[in-house]
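J.: Sequence below, structure please.
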Amino acid sequence: MKVLIITGAYPPAKCGVGDYTAHLAEALAVKPNIEVAILTGRESETIQELSAVKVFRVMPSWRIWHIVQVKRIVENFKPDIVHVQYPAQGYIGLLPKILPLFFRISGLPVVQTWHEHYVECEAIGWPNLLACDGMIYVRPDFISKLPSWVKTALAKTSIKHIPNASTIPTLSLSVDQARDIKNKLSASKPIVCYFGFAHPNKGVERLFQIADPEKHHLVLVCDLNEKYPYQKKILDLANQTPWTGKVTVTGFQTAQRVGEILAVADAVVFPFPGGAGEWNTSLKAAEQAGAFTIATTHTADLLGYHEEKNIYFAGCDDISSMKEALNRYLGTRKTPVVNDYWEIIASSHIQLYRALCGVK
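T.: Numbering: from 1, shown residues only. Take a look at the predicted model:
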């Protein structure tokens, strides 16, 4: 079976959905009788592909007229099924929304993964509903938040919940390795870490309220650029009293390096104003690394400390609760979890692909 996966961005581009797609593609490609190709945006530099996954970095943009490039790749690769990921960095233009219809007209079954809720995702619109043979979602409350007319439109679609997984490796460092990494980040104070994108919906500025500059060293594993007002605000906080010299901004890091930092962090904090959950791959990465983690939630049943996960869930705006949890559980670590969740995820995808292609 030949599977063509489409995503607006793919590593080394910085995109969470792109990272998800790469892990999925690699896990699919090692399955017997599965051939996988990726169609994504054109890179400004030549990329040496090192895996069994074919990567077509050919899309100059996602404007309507670039459907010509899509048609060429379909004729070249001859997929049995097409799978489109929504949203992704790089999806600028209407083409992603009408691609499912194009593939339907071409006689190809189409699977769509919606990583966000319909009402929150600009990359998705009513044209997506015109051709959707299979729907995959990662958020457990996805169905309950679908508008009723969208549920009606998807009534005959095969819909499947396949939880995602961390895209960061879980590392077990030697004592010397851990000491060296930790000392380079903060030789004298416990490390309170955040990693991910620095956007207003991440609440990164809250780290400066939750942590204590007299007790903690902040490590922000993210890109911060002064030309973006929100990121400039974070840089200003990091460079002024009382945080001067007590914040390390690493910039974008490889997955391996993020894994190393998680392996030595005394706490990881995700103070998202809109809440986190099992769909969040960063939260899963911190949990699997065994680091004490603070996250926010809208779900009352989740509030409090979960010892088995080493996660404290606070209300979305409950800064006081996050401060108290940080002081109480700082430095608490669990044994890192090493599990091949992506093999399970790939198997679930193949079940859906086979059903839609009529393959046993």
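J.: the strands in the stretch 1-150 of the chain, which residues?
T.: Secondary structure of the stretch 1-150 of the chain, counting by DSSP state E, counting those that start in this stretch: strands at 2-6, 35-41, 54-59, 81-86, 110-114, 134-137.
J.: Which strands or helices does the fifth one pack on?
T.: The contact analysis (3 or more Cβ pairs under 8 Å, 6 or more residues apart in numbering; DSSP states H and E) places strand 110-114 against strand 81-86, helix 95-105, strand 134-137, helix 341-357. In this view, the C-beta of every residue, glycine as well, is placed from N, C-alpha and C.
J.: let's see 6 Å
T.: Strand 110-114 sits against strand 81-86, strand 134-137, with contacts defined as 3 or more Cβ pairs under 6 Å, 6 or more residues apart in numbering; DSSP states H and E.
J.: Go through those strands and name the closest to Lys182.
T.: When the helices and strands packed on strand 110-114 are compared by Cβ to Cβ, strand 81-86 sits nearest Lys182, at 36.0 Å.
J.: avg pLDDT for that closest one?
T.: Here strand 81-86 scores 97 as its mean pLDDT.
J.: next one: stretch 335-354
T.: Here the average pLDDT along stretch 335-354 is 93.
J.: picking that back up, mind putting the strands of the stretch 1-150 of the chain into CSV with mean neighbour count?
T.: Formatted as CSV, the strands of the stretch 1-150 of the chain follow (neighbours: other Cβ atoms under 10 Å):
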stretch, mean neighbour count
strand 2-6, 24
strand 35-41, 23
strand 54-59, 18
strand 81-86, 25
strand 110-114, 24
strand 134-137, 22
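J.: Any chance of TSV for the ones you listed, columns distance to Gly274?
T.: Formatted as TSV, those follow (distance: least, Cβ to Cβ, whole Å):
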stretch	distance to Gly274
strand 2-6	27
strand 35-41	27
strand 54-59	30
strand 81-86	18
strand 110-114	17
strand 134-137	17
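J.: Can you check which of those strands gets nearest to Lys189?
T.: strand 81-86 (40.0 Å).
J.: Check the offset of that closest one from the chain's centre.
T.: Counting by Cα atoms, centre = their mean, to the nearest Å, strand 81-86 is centred 17 Å from the centre of its parent chain.
J.: In its sheet, which strands sit next to it, and in what direction?
T.: Looking at strand 81-86 with DSSP bridges, its partner strands are strand 2-6 (parallel), strand 110-114 (parallel).
J.: Contacts for that strand, please.
T.: 3-7, 17, 21, 99, 103, 108-114, 123-124, 353, 357 (Cβ atoms under 6 Å, 6 or more residues apart in numbering).
J.: For stretch 110-126, list every residue counted as buried.
T.: Buried residues in stretch 110-126, counted by 16 or more other Cβ atoms under 10 Å: Val110, Val111, Gln112, Thr113, Trp114, His115, Glu116, His117, Tyr118, Ala123, Ile124.
J.: The strands of the stretch 1-150 of the chain: which one's closest to Asp180?
T.: Each of those was scored for nearness to Asp180 using Cβ to Cβ, and the closest is strand 54-59 (34.9 Å).
J.: hey, C-alpha coordinates of stretch 59-79 in PDB?
T.: Taking Å, rounded to 0.1, in the frame of the first residue of the first chain, the C-alpha atoms of stretch 59-79 are listed here in PDB:
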ATOM      1  CA  MET A  59       5.300  23.100  -2.900                       C
ATOM      2  CA  PRO A  60       6.400  26.800  -3.500                       C
ATOM      3  CA  SER A  61       3.300  27.800  -1.600                       C
ATOM      4  CA  TRP A  62      -0.300  26.500  -1.000                       C
ATOM      5  CA  ARG A  63      -2.000  28.800  -3.500                       C
ATOM      6  CA  ILE A  64      -4.700  27.300  -5.700                       C
ATOM      7  CA  TRP A  65      -2.500  27.400  -8.800                       C
ATOM      8  CA  HIS A  66       0.100  25.200  -7.200                       C
ATOM      9  CA  ILE A  67      -2.200  22.300  -7.500                       C
ATOM     10  CA  VAL A  68      -0.100  21.500 -10.600                       C
ATOM     11  CA  GLN A  69       2.700  20.400  -8.300                       C
ATOM     12  CA  VAL A  70       0.300  18.200  -6.400                       C
ATOM     13  CA  LYS A  71      -0.900  16.600  -9.600                       C
ATOM     14  CA  ARG A  72       2.600  15.800 -10.700                       C
ATOM     15  CA  ILE A  73       3.500  14.100  -7.400                       C
ATOM     16  CA  VAL A  74       0.400  12.000  -7.500                       C
ATOM     17  CA  GLU A  75       1.200  10.900 -11.000                       C
ATOM     18  CA  ASN A  76       4.800  10.200 -10.000                       C
ATOM     19  CA  PHE A  77       4.100   8.300  -6.700                       C
ATOM     20  CA  LYS A  78       0.800   6.800  -7.600                       C
ATOM     21  CA  PRO A  79      -0.600   6.500  -4.000                       C
END
